[in-house]
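>>> Got a predicted model here, sequence first, then my questions.
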4 protein chains.
Amino acid sequence: MTRRVAVAGASGYAGGELLRLLLGHPEFEIGAVTAGANAGSTLGEHQPHLPALADRVLAETTPESLAGHDVVFLALPHGQSAAIARELPEDVLIVDCGADFRLADPQAWAEFYGGEHAGTWPYGLPELPGQREVLRGARRIAVPGCYPTAATLALMPAFAAGLAEPEVVVVAASGTSGAGKSPKPHLLGSEVMGSASAYGVGGVHRHTPEMEQNLSAVAGTRVSVSFTPVLAPMSRGILATCTAPARPGVTAAALREAYQAAVKDEPFLRLLPEGSWPATAMTLGANTAVMQVALDERVNRIVAVIAIDNLTKGTAGGAIQSANLALGLPEELGLPTTGVAP
Amino acid sequence: MTRRVAVAGASGYAGGELLRLLLGHPEFEIGAVTAGANAGSTLGEHQPHLPALADRVLAETTPESLAGHDVVFLALPHGQSAAIARELPEDVLIVDCGADFRLADPQAWAEFYGGEHAGTWPYGLPELPGQREVLRGARRIAVPGCYPTAATLALMPAFAAGLAEPEVVVVAASGTSGAGKSPKPHLLGSEVMGSASAYGVGGVHRHTPEMEQNLSAVAGTRVSVSFTPVLAPMSRGILATCTAPARPGVTAAALREAYQAAVKDEPFLRLLPEGSWPATAMTLGANTAVMQVALDERVNRIVAVIAIDNLTKGTAGGAIQSANLALGLPEELGLPTTGVAP
Amino acid sequence: MTRRVAVAGASGYAGGELLRLLLGHPEFEIGAVTAGANAGSTLGEHQPHLPALADRVLAETTPESLAGHDVVFLALPHGQSAAIARELPEDVLIVDCGADFRLADPQAWAEFYGGEHAGTWPYGLPELPGQREVLRGARRIAVPGCYPTAATLALMPAFAAGLAEPEVVVVAASGTSGAGKSPKPHLLGSEVMGSASAYGVGGVHRHTPEMEQNLSAVAGTRVSVSFTPVLAPMSRGILATCTAPARPGVTAAALREAYQAAVKDEPFLRLLPEGSWPATAMTLGANTAVMQVALDERVNRIVAVIAIDNLTKGTAGGAIQSANLALGLPEELGLPTTGVAP
Amino acid sequence: MTRRVAVAGASGYAGGELLRLLLGHPEFEIGAVTAGANAGSTLGEHQPHLPALADRVLAETTPESLAGHDVVFLALPHGQSAAIARELPEDVLIVDCGADFRLADPQAWAEFYGGEHAGTWPYGLPELPGQREVLRGARRIAVPGCYPTAATLALMPAFAAGLAEPEVVVVAASGTSGAGKSPKPHLLGSEVMGSASAYGVGGVHRHTPEMEQNLSAVAGTRVSVSFTPVLAPMSRGILATCTAPARPGVTAAALREAYQAAVKDEPFLRLLPEGSWPATAMTLGANTAVMQVALDERVNRIVAVIAIDNLTKGTAGGAIQSANLALGLPEELGLPTTGVAP
């Protein structure tokens, strides 16, 4: 039984990646593709790497254009999802790649996003303890942010095993596609090529409370996160360096064991052999997260490094992984674990 | 009185940057240019961006070829400087861009570099408190490592003002030129373009004890550093995110004041206006360090971000800055503060 | 009936791309993976983007290690294929990604490659007129070079329709993976990022006679090619600008018609809508060739621009496409037409 | 006698490069800096690599704000220069980096730019035969386009020596800064990194008639140019491959001699040693043009390759070079010949 799928925001980067993956998914059939300002033009103008869909005309993003599908993926600017979701039947699976329904804490929402909190949907990170149960059969899913996906997966094994103190420092380099397709001067190729830059410094990036929410749930105690994002001269990929003080008595062997145990049955988590370190090229276009961990014994600190593709595991791949679970399909269905390199 | 200057290691990246800057220095005349395996070839083959020196033939790096100069810059692999320095007169200014004489602590040397400690020379970071006095008239100078230059300058104001707790976390993205010109598979363009990767994780990078040495001296207490380097897809530049817990009662205003005071009389340090954040493109080819700082009040952490050109302020420019001081020349002489952008 | 497939040269870029595509091919099972100097190490060390094969140990490339397979893909340095092919049974399909068997003219071989001409195998460019018949059932296939693939496909429609004069000028920008994985100074990331450079100028690039061979066969007359390759700061992709004088009376409409007709039934050729121009990002990881053509009426010249992924359609994808034909499988089997972008 | 200089369009890329070079020019003092939409903001917001000018406030570009200077550099969108020039005194040196006054032929202007032809000013390419005489004392200068600078310099020696037939083919890869700082989707870093793309194909690029004008003047006969520009994933630099059929009897030796003679007394032209080929990195930030030439004897074609920095020799450096001549200053004054590499 093929599911009919709509993609809202199909002319952007997250929308394009959803379509790329959906084209390779054996159980999904692409129905409506919609956009805001780009409605009326063809997908070929915006996603020329998807020839199979080149002639599809973008409809306007409205409840009407999204009606009549089994699954609706939303890749919209923040604040637009709730209005659309209200108009769609409850048994339609809505997978929101935006932030609107990620945070459980209305105060955190108010502080970092402002405005009214739309609510909370089941959080689409199946690797979180117990989360697969939550996602199975769900009809509303909030896809995690790209940075929180990286930071959570990188430190989850340490916190789950009780090895880390709850003061986390995360510095993550991201490719520019994470900033979207809306043209801004600082995102011009001339500006970003050959240059690394900081932004959102000092704990103000909106993904910070989401990291705290996830790691606190894993740790069973309040975890604080100091997060600094860096814009790196590449289109795709996040390389996150995630550190936390080690709890007293933690050994390198215990740390490695915890990580090995954590990835053992996970289809999309890889722990590299000792001595190897993640590069984002290992994951380009793939739904995998590649990790390594070390105990810096001199300063008694856990350092976990993780690479993901921000558009795949960090957005569209993660969205489809959760949708697979919600629909009772095999979790890995249609999701590549092979990257494109060099 | 023009000084005659030799550059050892002139076919590499640090050597090339020394020559580029020396060509624009009004008081230095370029004498011998020497190399190891590349001896006998012309500079034009290795530094085609320096047409004025294209026909210079590289001599072999020996005490003899370096004799007869007022200043000798060494841009050699670790471990070669001591033997050469021994053979040169004491009144020749020797500026070593390598690590041999940077560390004061033989144990730190043994732990991170191995082998015998060559000794300690005056440390070429004029911005360190009191260091200009040390450098004036010096005839032996150890140029700081590129990462320690960045991390030290970024956190020095906080520690000098007593605002930071001594547990530092540094994550720094570097361009590939920091890894040198010796061809290795992981440094191929095909590998690094479009990819960020980690290396030297877990406190094992050799620049770690140098950061601790500098910051401890500034703080007047032992500062520990957790340092993770990241290889970014760009040729030049370091963007370092440097964080430390704020001491109780520190305010954002006090922090900013401390940084303003620290850069006020410094010719090569810039604090950006509030709301702006460093990008390495701001410093390409320039001897400047561009900084910004924030207090993350949620987690009570100081986050300082700094951009430098790893080859200029991080190596060759820093070397010439210290040489200027040693020779009694104006510190800024011949050193660009204007970057090349975009 | 799954075919057992060996890949020789599996630690290089062409070998890695063959494996990436073979992992997604429903009729091929990966058997031996072999290498030269890297024999004995695991694939995970060389192709970390292929987790499914990470633990495979590279055997030495010998007739013995390659025996017992239905298909053998050779991704070896020039000059090694003949000796291996001689030792394998005649009914094994050997697909050579190297140059040894591409040229029919021994004199062209002598002039551009030197040494003895190994012979000529069926040429693996199915889009050439009549070539599918040649490839069906073949057991030896010479995969075209990456540049000749691009230039031939770009100008074939013009020559097949008798619209172009036989003096061709090709200038093609290639990503660095075309130069292989063997570390050389001029291929370092520090050298190639931010820089475009020429090489093999003046008609000396080895792919020149191959372009002439192909276009002459299409045109039915001797076509000469002036070819200049350019190294561009990107890992993958070829963007080739291919021009030839228009024959008298050619119109823009006739030219466009010829190209439309040429791509109509071709699964991997795309002609963009008028006003759009190829970008290599459109084809990253895909087996497609994206084209556009214009008649410059002021100078009466045909200008065809084509983008391919040099490792996919330009090497490994082209190899599998021909292998599919040789084995009686659907030509498109296992070959992506969707690119990875941005 | 220091000249007071204004820069109109100071927030753009050409304006920023003018300011960068003017800061290093001993005879120019920077007066007014003006902009269009960015008027009222500080230069530091737009040109953060120029700390010396960070606090300068951008005035609106008007004849009034530009009055009272000895030299006015215009880096404005096409069509705005004439109106401003009319309002400034005749003895003010106006150097226009735009296209308005480059073409002598009103018909070529009409065909490629449309609208009314503003007129023709002395053309600021001093290397053209006799052009230095034209520029000395001039008070209006039209700075050449970046591509025409490259193509003209590359083929001028061949045409001046009567070695080339007048049917030229130029394919040039340019960095993205040539497309300016106005944010457009196809210039986003996510789009351009890792990708080469064509645009303006088929003889429609506006720089085509300018190349023809220059080369025709040198050749003394009508030269036609087929020009294709390529956008390469780098911020700066043009690498142009410029070819023309060799006239009967031309030898490689004669060709090389012609190029050696042409560059011998030119301060900014370099002919590389045989066997070396230009890379744009050789010229980054420098006012040099680096060339190489070959005779492809198989097809009897001259292939000249040239690298320039599109913003330096291709725009701002060329502008200052001509201004130096106009003002009776040494032509090389304030213009770097040393590039920044790697």
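Alright, I've got the coordinates. Numbers count the residues shown, from 1 in each chain, chains lettered A, B, ... in the order given.
>>> Now the worst-scoring helix or strand of chain A on mean pLDDT: buried residues?
Lowest on mean pLDDT, DSSP states H and E among the helices and strands of chain A sits helix A:81-87, with a mean of 93. For helix A:81-87, the neighbour count (16 or more other C-beta atoms under 10 Å in any protein chain shown) marks A:81, A:84, A:85 as buried. (Each C-beta comes from the backbone N, C-alpha and C, glycine too.)
>>> so after it, what's the next helix or strand?
Downstream of helix A:81-87, the next assigned helix or strand under DSSP states H and E is strand A:93-96.
>>> Tell me how far that following strand lies from the chain's centre.
14 Å (C-alpha atoms, centre = their mean, to the nearest Å).
>>> what about the longest helix belonging to chain A, distance to the chain center?
Across chain A, the helix with the greatest residue count (assigned by DSSP state H) is helix A:146-160. In terms of C-alpha atoms, centre = their mean, the centre of helix A:146-160 is found 11 Å from the chain centre.
>>> Is there proximity between that helix and chain D?
No: Helix A:146-160 lies out of reach of chain D by C-beta under 8 Å from any C-beta of the partner chain, never closer than 13.7 Å.
>>> just to revisit the earlier point, can you lay out the buried residues of helix A:81-87 as CSV showing distance to chain B?
CSV is the format used below for these (distance: C-beta to the nearest C-beta, whole Å):
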residue, distance to chain B
A:81, 26
A:84, 32
A:85, 30
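>>> Between those, which sits nearest chain C?
residue A:81 (23.4 Å; C-beta to the nearest C-beta).
>>> What distance do you get for that closest one to residue A:100?
According to C-beta to C-beta, to the nearest Å, residue A:81 and residue A:100 sit 5 Å apart.
>>> what is in contact with the two at once?
By C-beta atoms under 8 Å, 6 or more residues apart in numbering or on different chains, residue A:81 and residue A:100 have these common neighbours: residue A:118.
>>> Show me the helices in the stretch 1-150 of chain A, by range?
A:13-23, A:43-46, A:63-66, A:81-87, A:106-112, A:131-135, A:146-160 (DSSP state H, counting those that start in this stretch).
>>> ranking those by burial, who's on top?
Sort these by mean neighbour count, taking mean count of other C-beta atoms under 10 Å in any protein chain shown, and helix A:146-160 sits at the top with a mean of 28.
>>> what element comes up after that helix heading to the C-terminus?
Proceeding N to C from helix A:146-160, the next assigned helix or strand is strand A:167-174, under DSSP H and E.
>>> So what are the sheet partners of that next one and their directions?
With DSSP bridges as the test, strand A:167-174 is paired with strand A:224-231 (parallel), strand A:238-245 (antiparallel).
>>> okay, the ones you listed, which one's buried deepest?
For these, the largest average neighbour count (mean count of other C-beta under 10 Å) is found in strand A:238-245, namely a mean of 29.
>>> for the nearest residue to residue A:148 once chain neighbours are set aside, what are its contacts?
Of all residues not flanking residue A:148 in the chain, residue A:210 sits nearest, at 4.1 Å (C-beta to C-beta, 6 or more residues apart in numbering or on different chains). Under the criterion of C-beta under 8 Å, 6+ apart, the neighbours of residue A:210 are A:99, A:102, A:103, A:144, A:145, A:148.
>>> before we move on, the earlier item: how far does the least confident helix or strand of chain A sit from its chain's centre?
Distance, centroid of helix A:81-87 to centroid of chain: 21 Å (C-alpha atoms, centre = their mean).
>>> what separates whichever residue of the stretch 1-150 of chain A sits closest to chain C from chain D, distance-wise?
Nearest residue of the stretch 1-150 of chain A to chain C, counting by C-beta to the nearest C-beta: residue A:49, 3.4 Å away. Noted for residue A:49: a distance of 10 Å to chain D, by C-beta to the nearest C-beta, to the nearest Å.
>>> try residue A:213
According to C-beta to the nearest C-beta, residue A:213 stands 28 Å off from chain D.
>>> okay, now that residue: neighbour count?
Neighbour count for residue A:213, taken as other C-beta atoms under 10 Å in any protein chain shown: 21.
>>> what's the helix or strand for it?
helix A:208-219.
>>> Can you name the residues of chain A that neighbour chain D?
A:13, A:175-177, A:179, A:181, A:183-185, A:187-194, A:233-235.
>>> Could you rerun that using 7 Å?
A:13, A:176-177, A:181, A:183-185, A:187-190, A:192-194, A:233-235 (C-beta under 7 Å from any C-beta of the partner chain).
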